[in-house]
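In: Dropping a prediction and its sequence here:
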2 protein chains.
Amino acid sequence: MKQVKLGLCGLGTVGGGVLNVLKRNQIDINARAGRELLITHVSARREYPHLDLNGIKISTNPMDVALDPDVDVLVELIGGTTLAKELVIAALKAGKHVVTANKALIAEHGNELFAIALEHQVSIAYEAAVAGGIPIIQVLREGLVANKIEWLAGIINGTGNFILTEMRDKGRDFEDVLREAQALGYAEADPTFDVEGIDAAHKLVILASIAFGMPLQFDKVYTEGISKIAPEDVVFAEELGYRIKHLGIARNRTNKGIEMRVHPTLIPESRLIANVNGVKNAVLVKCDALGANLYYGAGAGAEPTASAVISDIVDIGRSLDNEADAFVPALGFSSGKLCDFTILPIEEVECANYLRFSVLDRPGVLSHIATVFSDLGISIEALIQREPLEDQDHVPLIMLTAVTEEKRINKALAQIENQEFIRQQVVRIRVESLK
Amino acid sequence: MKQVKLGLCGLGTVGGGVLNVLKRNQIDINARAGRELLITHVSARREYPHLDLNGIKISTNPMDVALDPDVDVLVELIGGTTLAKELVIAALKAGKHVVTANKALIAEHGNELFAIALEHQVSIAYEAAVAGGIPIIQVLREGLVANKIEWLAGIINGTGNFILTEMRDKGRDFEDVLREAQALGYAEADPTFDVEGIDAAHKLVILASIAFGMPLQFDKVYTEGISKIAPEDVVFAEELGYRIKHLGIARNRTNKGIEMRVHPTLIPESRLIANVNGVKNAVLVKCDALGANLYYGAGAGAEPTASAVISDIVDIGRSLDNEADAFVPALGFSSGKLCDFTILPIEEVECANYLRFSVLDRPGVLSHIATVFSDLGISIEALIQREPLEDQDHVPLIMLTAVTEEKRINKALAQIENQEFIRQQVVRIRVESLK
């Protein structure tokens, strides 16, 4: 049986997962691959007493692994975008294939890395970079190859989805659940990356580039987090038949451009993706031949991520002797076939909107607000108004608008927000039917 | 750009879909494939005025297509297991790769066909044979390659799921919905294949063989249809927190053997797969590294099926110049690595059970039944008993048992069914927690 020699940089959570799964399922994995997968060299900065590194060469300098002539595939699992980038470039230039789980690296430096890989006729695989163990990269690049993709929407950050699920199930508020998520190890001490949508934006830009065939443009993703979602918005959404999810959405608005955005979103509770709860991930894809299709599973964690890393290793291992033009292209489209679509600024995006006003309880307020929307040609699809509580002089007023250009909603809100009957900033959450 | 020359047998629903999608999305598909996909030869028994066959050679005898030296890949879309089998064998022996959407052909003759393909160093691809456009074959063979699969459960017949969804949503009975499904074109004039589970069994045996790495054994699938599901069972299931779905289930009961079964199943309503409605398909896979993961989409129809057929064509097209050992093996495991697991007879299967007794409303009946179960060591997990309607002397009695070997349930029912207080055959539906 042919051997595939692996050099592994990074023995943290994911690296440990890869070692453990490869060892535990070795017989089946090799039987499927038709190759013997062999870790020949790892880099480690310290002792890893819980890992079995028997018979594996260990170096303190990861660059020794990346440049080892006895390594066919570099598996980069150290994370970050500085040393990781250097290692990956060094390995590619040395004619080695690369497997990485590093979403930031691909989202921010993918174009450069893919060009280097192409030049050296090797491939760089990154299934684990998006939605953990869900094989969504392979699905988009290969399974859906026949389709024009219209849009995709993903729950691609497990921490955020855990928080929103708890807020809904138990009526808890954001800060409270965030603290629990940190205690459980789902959220980092600095949760910005997860809850402000940066992690999701990294993943979204990768999905969107493959879906539509365009270079990665991380800086053009509109990103909004979930930290301002209040428990009452979760309740009102429910009353209107919706759930609030933190979605990454990419849509091809033919002839206009591409939307790429991460933000809290009301979606109809009857949609399958509205029922994806806890730390799980899911990606819903709408395309012309297949219609709507959805992929669900664990988006993070040692072994789910290892599952994706190993599938990349097997794929590369099987292709080691192939012509370079037999590789699946990095972003799914052959070199030179990527298009330079316009990415629409958020003002040009079209959405329905959930709006919650806190207004003084007096005559004329509703009519004033309704007139502003009507004058701007924005339809109101649903409305909730409640009586004030006994000791309060203001009431919540909830509206669902029809699908409208973002800049028109902005204009309406600008006209309303400076009125003295408005008691606090208007809450605005976008709504998607996902049909 | 290299060309991939396709010979297409069968211009029915799926064949037409393949032609249309290939034509509509030609530019993107070729850009992704890095190859020009070209239909050079089709077989047609009659005129197809709605299809654009311009520039394509047309033969009346499909064997002329299968043996055409100007064809690299035979696309078999005529269905059935006689002529289709001859065509596929002829093409494989002529050194051509084959793509087929034919589940019956693969399920019943796959072992033979795969051996011929292997001998002639070509591949036979069949993504479209299971769950239509959902790329579940690729997921199982490649995406989940690192995992030991514990079990999988699929809604893999859209007609059956449409019927069960309508029964639940509208309280209609089986016959009534079946007639509508036939009128809508979802169900054939002879619906046996769909509603009695044969179609699902064809698909299940393929999924199970890939999941566990064993030869196809269609004759060992236990198969039970949905035609006996009554509206009141749907209602009682709901009351207990369950939905009834027609599932194909395969489970590896390590050291004992493999379960392969198609039957109506109660599943907790909170499971994502319980919310897969209408004609859609979904496959839930439980594996050791990734955990639970689910794949959802259109399981039938011209273009969804074409989506899968074309993904196979692109995959093969990209690999035309590769060494044969770079192909993904037909059942996911390299030649000679398939295992001859025991397939458990249905009596050895372990399930929880929903039981509905129709009993005379008189003292001692419940205690008699409870004693039978208790004596056989079968726990009762839930129970519903209703007062009789005014003019009736019998009542429904509903039980959920704990997980029990099938043969023990059979024994209990045999002891109960011959009692004179039983008014009609006991209804028994298996229950799966899918955890």
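Out: In hand now; what should we look at? Numbers count the residues shown, from 1 in each chain, chains lettered A, B, ... in the order given.

In: Point me to the helix or strand that includes A:N281.
Out: In this structure, A:N281 is located in strand A:280-287 according to DSSP states H and E.

In: Give the rounded mean pLDDT of that strand.
Out: Across strand A:280-287, pLDDT averages out at 98.

In: is chain B contacted by the helix or strand that it is followed by?
Out: Downstream of strand A:280-287, the first helix or strand assigned by DSSP H and E is strand A:291-298. Yes - using C-beta under 8 Å from any C-beta of the partner chain, a contact is recorded between strand A:291-298 and chain B, made by A:291-298. Backbone N, C-alpha and C define where each C-beta goes, glycine included.

In: and which of these is nearest A:L284?
Out: Distances from A:L284 to the residues of strand A:291-298 next to chain B, taken as C-beta to C-beta, are shortest for A:L294 (4.7 Å).

In: Roughly how far does the closest one sit from B:A298?
Out: Counting by C-beta to C-beta, to the nearest Å, the gap from A:L294 to B:A298 is 11 Å.

In: which neighbours does the strand holding A:N281 have in its sheet, and in what orientation?
Out: If you go by DSSP bridges, strand A:280-287 pairs up with strand A:149-155 (antiparallel), strand A:291-298 (antiparallel).

In: Nearest approach to B:R24 belongs to which of these?
Out: With C-beta to C-beta as the measure, strand A:149-155 is the member of those nearest B:R24 (13.4 Å).

In: Pull the most distant pair out of the residues of strand A:291-298 next to chain B.
Out: Set against one another by C-beta to C-beta, these have their most distant pair in A:G291 and A:A298, with a gap of 25.4 Å.

In: These two: who's more crowded?
Out: Of the pair A:G291 and A:A298, A:A298 is the one with more neighbours under other C-beta atoms under 10 Å in any protein chain shown, namely 23 against 19.

In: and that one, what is it in contact with?
Out: Residues in contact with A:A298 (C-beta atoms under 8 Å, 6 or more residues apart in numbering or on different chains) are A:132-134, A:158, A:279-281, A:304, B:290-293.

In: can you do 7 Å?
Out: Under the criterion of C-beta atoms under 7 Å, 6 or more residues apart in numbering or on different chains, the contact partners of A:A298 comprise A:132-133, A:280, A:304, B:290-291.

In: Kindly report the same for A:L204.
Out: Listed by C-beta under 7 Å, 6+ apart, the contact set of A:L204 reads A:154, A:156, A:221, A:248, A:250, A:260, A:262.

In: If we only consider those, which is nearest to chain B?
Out: A:G154 (13.6 Å; C-beta to the nearest C-beta).

In: could you give the angle of the strand or helix carrying A:I163 to strand A:291-298?
Out: For A:I163, the host element (DSSP H and E) is helix A:158-170. For helix A:158-170 against strand A:291-298, the angle by axes from the mean of the first three to the mean of the last three C-alpha atoms, to 10 degrees is 90 degrees.

In: now for helix A:158-170, which elements pack on it?
Out: Using 3 or more C-beta pairs under 7 Å, 6 or more residues apart in numbering or on different chains; DSSP states H and E as the contact definition, the elements that helix A:158-170 packs against are helix A:174-184, helix A:192-195, helix A:231-239, strand A:242-253, strand A:280-287.

In: returning to what we had before: using CSV, please lay out the strands paired with strand A:280-287 together with mean pLDDT.
Out: Listed next are those as CSV, based on pLDDT from 0 to 100:
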stretch, mean pLDDT
strand A:149-155, 98
strand A:291-298, 98
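
In: Would you enumerate the residues in contact with the residue nearest to A:A201 when sequence neighbours are not counted?
Out: Closest residue to A:A201 apart from its sequence neighbours, by C-beta to C-beta, 6 or more residues apart in numbering or on different chains: A:V221 at 4.3 Å. A:V221 makes contact with A:201, A:204-205, A:260-262, according to C-beta under 7 Å, 6+ apart.

In: So which of these sit within strands?
Out: When the contacts of A:V221 are checked against strands (DSSP state E), the matches are A:260-262.

In: Name the member of these with the most neighbours.
Out: The most crowded member of the ones in strands among the contacts of A:V221 is A:V262, carrying 30 neighbours; neighbours defined as other C-beta under 10 Å.

In: just checking, that one touches A:D199?
Out: No - look at A:V262 against A:D199 with C-beta atoms under 7 Å: they stay out of range, at 9.1 Å.

In: overlap in contacts of those two?
Out: With the criterion set as C-beta under 7 Å, 6+ apart, the contacts of A:V262 and A:D199 do not overlap.

In: that older thread, would JSON lines of the contacts of A:L204 with distance to B:I310 be doable?
Out: JSON lines is the format used below for the contacts of A:L204 (distance: C-beta to C-beta, whole Å):
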{"residue": "A:G154", "distance to B:I310": "24"}
{"residue": "A:I156", "distance to B:I310": "27"}
{"residue": "A:V221", "distance to B:I310": "30"}
{"residue": "A:G248", "distance to B:I310": "27"}
{"residue": "A:A250", "distance to B:I310": "22"}
{"residue": "A:M260", "distance to B:I310": "27"}
{"residue": "A:V262", "distance to B:I310": "31"}
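
In: where exactly do the helices run in the stretch 51-200 of chain A?
Out: For the stretch 51-200 of chain A, the helices identified by DSSP state H, counting those that start in this stretch occupy A:62-66, A:83-93, A:103-119, A:136-138, A:158-170, A:174-184, A:192-195, A:198-212, in order along the chain.

In: In TSV: the ones you listed, plus mean pLDDT.
Out: Listed next are the helices of the stretch 51-200 of chain A as TSV, based on pLDDT from 0 to 100:
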stretch	mean pLDDT
helix A:62-66	98
helix A:83-93	98
helix A:103-119	98
helix A:136-138	98
helix A:158-170	97
helix A:174-184	93
helix A:192-195	94
helix A:198-212	98
